[in-house]
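Engineer: Let me see the structure of the following:
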Amino acid sequence: MPRPTTTSAPSTPDAGEVRKVPSPSGAAGIPPRGRTPRPPGPYRRLFARPGALAFTVANLAARLPMGMFSVSAVVMIAGTRGSYALAGAVTATGLAATAVVAPGVARLVDRYGQARVAVPATLLAALGSLALLLCVRYGAPTWTLFAAYAATASTPNTGGMSRARWAHLLKDDPGALHTANSLEQSVDELCFMLGPVLAAFLCGTFFPEAGTLVAVTLLVTGVLAFAAQRSTEPPAHGPASAPGPAPLRAPGMPALLAVCLALGAVFGATEVVTIAYADQQGHRAAAGVVLGLQAAGSCVAGLVYGRLRLTGSPERRYPWCVAAMTALLLLPALAASTTGSLLVLAAALLLAGMATAPTMITNMALVQRRTPPGRLNEGMTLAVTALLGGIACGSAAGGWTVEHVSPSAGYAVPVAAAGVALLVSAGARLLRRGRPHIPAS
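Structural biologist: Numbering: from 1, shown residues only. You can find the predicted model right below:
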């Protein structure tokens, strides 16, 4: 490299004057040629916002137990009372109670603020889980198990509250909001991948109640830490400042919720059928790993999807996402019916899972657009409630098919449910195109 030279001054410098020697790269502040710094990635830009990393980490701790409670309850009840039927009935009761209570809790969050509502609601849910633990351990009457687990329905929608914070922080930056929604969906997949594994490990390694105790600790700690981040909390709208119709009656929302119901059936059926298929192959313990691969595929796809700079409206992309999901779900069905190999099935589920996150990200983006102002938590909780209802229906349909036909035939259930979701999403798109007076989302 040639040695830098100084520029001659027109006159002799005074004693003590220091000449400034320009750097080899030229003017100050200009980086050397070929070394232009790369701009930060979209996820780094998200967490560069003040408070974003803190509330995301706290919400992750609060959200992880969502994949732990049901598994922990089943192991705890079945191990003590010797009845999987009772364990399933208790958890189903909790699911039904959540479908009734959760939208009301979300409505209160929108009206009075996340911290004021989420903390007492979480403490009530934690008491319900601890009451279930005590009832199981000390042999309380069977009806007390149902009552205790129903009390956990007050658990707030932690994922919805995190998405609401991003929507508030990024309301003027649609590209960054797309990245944030992708991150949230990937976190959901991560929690539902790790939660059941962690619960099973704790209950099997230590004692049956360990999973519930750890889940309660994580939930309470996470929600308290999340609520303490007041600088990023969306403003409360009050009971009289939420204009427009209820989210359930907002234009386009019924069709979105119907698709959520069908997608939930996909998830519920896939879980039950995969467990039965692995059991038939003599590897029931591997079912969790196989399902974890599906969630891992969705998690990775969600992170990649969040880095894309998409053009066009989410409404236009939505049917295509559902169509891709339907097509990829044919892979597990073909693998199960033609190969009989659990390893091939695992690879097929990994590929099929890659369409899940883009579909759910687009779904939640449309829910946010169509929910009336001031009722965002309620709208997203309705979507989650529809998913939970679909999971229950899909589990029942998948279980019936496995028992009366075969485990390999059971993979036709998620394909059929995805086909219903595709018909509803495409039909809703066509109907909205036929109504020009309704602006496209």
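Engineer: Buried residues, stretch 295-306. List them.
Structural biologist: Neighbour-count burial for stretch 295-306, with 16 or more other C-beta atoms under 10 Å as criterion, is recorded at 295, 296, 297, 298, 299, 300, 301, 302, 303, 305, 306. From N, CA and C alone the C-beta is placed, and that goes for glycine too.
Engineer: With stretch 225-236 instead?
Structural biologist: For stretch 225-236, by 16+ other C-beta under 10 Å, it's 225, 226, 227, 229, 232, 233, 234, 236.
Engineer: cool, and stretch 333-341?
Structural biologist: 333, 335, 336.
Engineer: pLDDT weak spots in the stretch 301-441 of the chain?
Structural biologist: Within the stretch 301-441 of the chain, the stretches with pLDDT under 70 are 432-441.
Engineer: That one: strands as residue ranges?
Structural biologist: Shown for the stretch 301-441 of the chain, no strands are assigned by DSSP state E, counting those that start in this stretch.
Engineer: quick one: the helices in it?
Structural biologist: For the stretch 301-441 of the chain, the helices defined by DSSP state H, counting those that start in this stretch occupy 314-328, 330-338, 342-353, 356-370, 376-404, 412-433.
Engineer: Kindly report the same for the stretch 151-300 of the chain.
Structural biologist: Assigned by DSSP H, counting those that start in this stretch, the stretch 151-300 of the chain shows helices spanning 158-169, 174-205, 210-227, 253-280, 287-307.
Engineer: Export these as CSV, with columns for distance to residue 423.
Structural biologist: Formatted as CSV, the helices of the stretch 151-300 of the chain follow (distance: least, C-beta to C-beta, whole Å):
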stretch, distance to residue 423
helix 158-169, 27
helix 174-205, 23
helix 210-227, 38
helix 253-280, 9
helix 287-307, 23
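Engineer: quick revisit: which of the helices of the stretch 301-441 of the chain sits closest to residue 93?
Structural biologist: In terms of C-beta to C-beta, the element of these nearest to residue 93 is helix 376-404, at 11.0 Å.
Engineer: got the buried residues for the closest one?
Structural biologist: Residues 376-399, 401-402 are the ones in helix 376-404 that count as buried (16+ other C-beta under 10 Å).
Engineer: ok and it relative to helix 174-205, angle-wise?
Structural biologist: Interaxial angle of helix 376-404 relative to helix 174-205 (axes from the mean of the first three to the mean of the last three C-alpha atoms, to 10 degrees): 50 degrees.
Engineer: chain center to helix 376-404: distance?
Structural biologist: Remark: helix 376-404 is offset 15 Å from the chain centroid, using C-alpha atoms, centre = their mean, to the nearest Å.
Engineer: That one versus helix 158-169: what angle between them?
Structural biologist: With the same axes, to 10 degrees applied, the angle from helix 376-404 to helix 158-169 works out at 140 degrees.
Engineer: Spell out for me which residue occupies the centre of this protein.
Structural biologist: residue 188 (2.8 Å; C-alpha atoms, centre = their mean).
Engineer: mind checking how far stretch 308-322 is from the chain centre?
Structural biologist: Relative to the chain's own centre, stretch 308-322 is displaced by 19 Å; criterion: C-alpha atoms, centre = their mean.
Engineer: So the residue nearest to the centre of the chain sits against residue 63, correct?
Structural biologist: Yes - in this structure, residue 188 is within contact of residue 63 by C-beta atoms under 8 Å, at 7.4 Å.
Engineer: shared neighbours of these two, anything?
Structural biologist: residue 159 (C-beta atoms under 8 Å, 6 or more residues apart in numbering).
Engineer: Any chance of the helices of the stretch 301-441 of the chain in CSV with distance to residue 105 as columns?
Structural biologist: Formatted as CSV, the helices of the stretch 301-441 of the chain follow (distance: least, C-beta to C-beta, whole Å):
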stretch, distance to residue 105
helix 314-328, 27
helix 330-338, 35
helix 342-353, 30
helix 356-370, 17
helix 376-404, 7
helix 412-433, 27
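Engineer: can you tell me which of these comes nearest to residue 117?
Structural biologist: Closest to residue 117 of the helices of the stretch 301-441 of the chain is helix 376-404 (C-beta to C-beta; 9.2 Å).
Engineer: for the closest one, packing partners?
Structural biologist: Here helix 376-404 touches helix 84-112, helix 158-169, helix 253-280, helix 356-370, helix 412-433, going by 3 or more C-beta pairs under 8 Å, 6 or more residues apart in numbering; DSSP states H and E.
Engineer: now the ones you listed as TSV including distance to residue 151 and mean neighbour count?
Structural biologist: Compiled in TSV, those are given as follows (distance: least, C-beta to C-beta, whole Å; neighbours: other C-beta atoms under 10 Å):
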stretch	distance to residue 151	mean neighbour count
helix 84-112	8	19
helix 158-169	17	23
helix 253-280	23	24
helix 356-370	27	24
helix 412-433	31	20
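Engineer: which one of those lies closest to residue 211?
Structural biologist: helix 84-112 (13.0 Å).
Engineer: Would you indicate which residues of the helix or strand that that closest one is followed by are buried?
Structural biologist: Next along the chain after helix 84-112, taking DSSP states H and E as the criterion, comes helix 114-137. By neighbour count on 16+ other C-beta under 10 Å, the buried set for helix 114-137 is 114-115, 117-119, 121-122, 125-126, 128-133, 135-136.
Engineer: Over to stretch 40-50?
Structural biologist: Burial within stretch 40-50, assessed by neighbour count using 16+ other C-beta under 10 Å, is assigned to 42, 43, 46.
Engineer: from the residues you listed, which ones fall inside helices?
Structural biologist: With helices defined by DSSP state H, the entries of those inside them are 42, 43, 46.
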